[in-house]
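Enquirer: sequence and computational prediction follow.
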Amino acid sequence: MKNVILICPSAEREKWINIFNKLMPKWDIQSLEGVKNKDLINTALVWNHPKGILKTFNNLTLICSLGAGVDHLLSDPDIPEGVKVTRIIDPLLSFSMSNYIIMAVLQYQRKFDKYIEDQKNKIWDHDADPEIKISIGILGIGTLGRDAAIKLKNIGFEVFGFSKSQKKIKGIECFFGDEIDIFLKKINVLICTVPYTPETHNLLSMKLFNRVKKSTYLINVSRGKVQNEIDIINAINKGLLSGAFLDVFEKEPLPNSSPLWNHKKIKITPHIASITNAEAGAKQIIENYKRNLEDQKLINEVDLKKGY
């Protein structure tokens, strides 16, 4: 079959082709460079595709994102109307993401920065209080945010949640809609897990930072376009934020010229909080391919108007 095309960065292509060849040997996956008859293509597997390219496939019925995020699709104004879109939601994604978030919380709460500096300077400060009293807020309690909230609660932290629509998590007070200020006043660690949509563009900006408790600590594992990096730096310098732990950035890779690199109160990781397990993701894509042919309900279908 020559009806499936893979469009992704060249560094990722061989990995995906090998997995699909193993799981679905009947597929003869086409490449953007090698496809001869675009009218045969009904399914596109995509990650960071060239904008506008998908509208050139006249018989496309299914677009599968090769990750949990769909911002690369939302930013393309030429996605064909009526085409179904799915993303990958894998339990291993939640596992990795929650572990990363817990690590980021603990390094702040247990003052790791101080003790790293003390070690460099050979200081044995046994009398200092080794913990910061924190109350955690999860901004965005979808699949990933919910998992992190539950695990942080189980460790023993006080946790609150906020989302656009009403959500319920046992043992965790959740706010929604216009209750954002109530939510922000209850917390001093803000963890952002929202999807990227037009509504969340530049959400992490001075408009929000002026409403948080003074010296709130920020952790962002959502998407780079959700944050305004200059505003994050300014908020830290003004004392509105005590620091930030960032895994995503407005431009990736983060340019060498970015002032984030050298800021003492900002931690940087290269978008590795949660990496899609390719084989698990491929199985979801294959299942959705079969369901789409039979006009059945898809797994993790995305509403592009909502952005998730």
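Expert: Received the coordinates, thanks.
Enquirer: next, count neighbours for Leu93.
Expert: As a burial measure, Leu93 scores 22 neighbours (other C-beta atoms under 10 Å). In this view, the C-beta of every residue, glycine as well, is placed from N, C-alpha and C.
Enquirer: pretty sure it is touching Asp147, no?
Expert: No - judged on C-beta atoms under 8 Å, Leu93 makes no contact with Asp147 at a distance of 9.1 Å.
Enquirer: Lys164 against Asp178, yeah?
Expert: No - taking contacts as C-beta under 8 Å, Lys164 lies outside contact range of Asp178: 10.6 Å.
Enquirer: looking at the two, which one has more neighbours?
Expert: Neighbours around Lys164 and Asp178, counted as other C-beta under 10 Å, are more numerous at Lys164. The numbers are 18 against 7.
Enquirer: check which helices and strands the lowest-mean-pLDDT helix or strand in the chain sits against.
Expert: For the chain, counting by mean pLDDT, DSSP states H and E, helix 71-74 ranks last in confidence among helices and strands (a mean of 88). Contact analysis of helix 71-74 by 3 or more C-beta pairs under 8 Å, 6 or more residues apart in numbering; DSSP states H and E lists strand 62-65 as its packing neighbours.
Enquirer: contacts for the strand it packs on, please.
Expert: Identification of contacts with strand 62-65 by C-beta atoms under 8 Å, 6 or more residues apart in numbering yields 42-47, 54, 72-73, 79, 83-88, 285, 288-289, 292, 298, 302.
Enquirer: just to revisit the earlier point, so what sits against both of Lys164 and Asp178?
Expert: Going by C-beta under 8 Å, 6+ apart, no residue sits against Lys164 while also sitting against Asp178.
Enquirer: list the contacts of the closest residue to Gly307 other than its chain neighbours.
Expert: Excluding its sequence neighbours, the residue lying closest to Gly307 (C-beta to C-beta, 6 or more residues apart in numbering) is Thr197, at 3.0 Å. Thr197 makes contact with Leu74, Lys306, Gly307, Tyr308 under the criterion C-beta under 8 Å, 6+ apart.
Enquirer: pretty sure the last one is touching Glu301, no?
Expert: Spelled out, that is Tyr308. No - between Tyr308 and Glu301 there is no contact, the gap being 10.3 Å when judged by C-beta under 8 Å.
Enquirer: so between those two, which is more surrounded?
Expert: Each of Tyr308 and Glu301 has its neighbours counted (other C-beta under 10 Å); Tyr308 has more, 20 against 14.
Enquirer: what are the ranges of the strands in the stretch 201-308 of the chain?
Expert: Taking DSSP state E, counting those that start in this stretch, the strands of the stretch 201-308 of the chain run over residues 216-220, 241-246, 266-268.
Enquirer: ok so, going back, so which of the contacts of strand 62-65 are in helices?
Expert: Mapping the contacts of strand 62-65 onto helices (DSSP state H) picks out His72, Leu73, Ile285, Asn288, Tyr289, Asn292.
Enquirer: how many other residues sit next to Thr276?
Expert: So Thr276, with other C-beta under 10 Å, has 22 neighbours.
Enquirer: let me fix that: Lys22
Expert: Neighbour count for Lys22, taken as other C-beta under 10 Å: 10.
Enquirer: just the one 3 residues further on next, same as before
Expert: Per other C-beta under 10 Å, the neighbour tally for Pro25 reads 8.
Enquirer: element containing it, please.
Expert: Pro25 is part of no helix or strand, with elements assigned from DSSP states H and E.
Enquirer: next one: Ile191
Expert: Per DSSP H and E, Ile191 falls inside strand 189-192.
Enquirer: helices or strands next to that strand in the packing?
Expert: If contacts are counted by 3+ C-beta pairs under 8 Å, 6+ apart, strand 189-192 sits against helix 91-109, strand 135-139, strand 216-220.
Enquirer: which elements pack onto the second one?
Expert: Think strand 135-139. Applying 3+ C-beta pairs under 8 Å, 6+ apart, one finds that strand 135-139 contacts helix 143-155, strand 158-163, helix 180-185, strand 189-192.
Enquirer: give the pairing partners of the last one; include direction for each.
Expert: Right, strand 189-192. Partners of strand 189-192 in the sheet, by DSSP bridges, are strand 135-139 (parallel), strand 216-220 (parallel).
Enquirer: format those as CSV; extra columns: mean pLDDT and distance to Ser98.
Expert: Formatted as CSV, these follow (pLDDT from 0 to 100; distance: least, C-beta to C-beta, whole Å):
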stretch, mean pLDDT, distance to Ser98
strand 135-139, 98, 11
strand 216-220, 99, 12
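Enquirer: any stretches of the protein with poor pLDDT?
Expert: 1 (pLDDT under 70).
Enquirer: and it, split by domain according to the record?
Expert: Taking automatic domain parsing as the domain assignment, the ranges for the chain are 4-90+276-293, 91-268.
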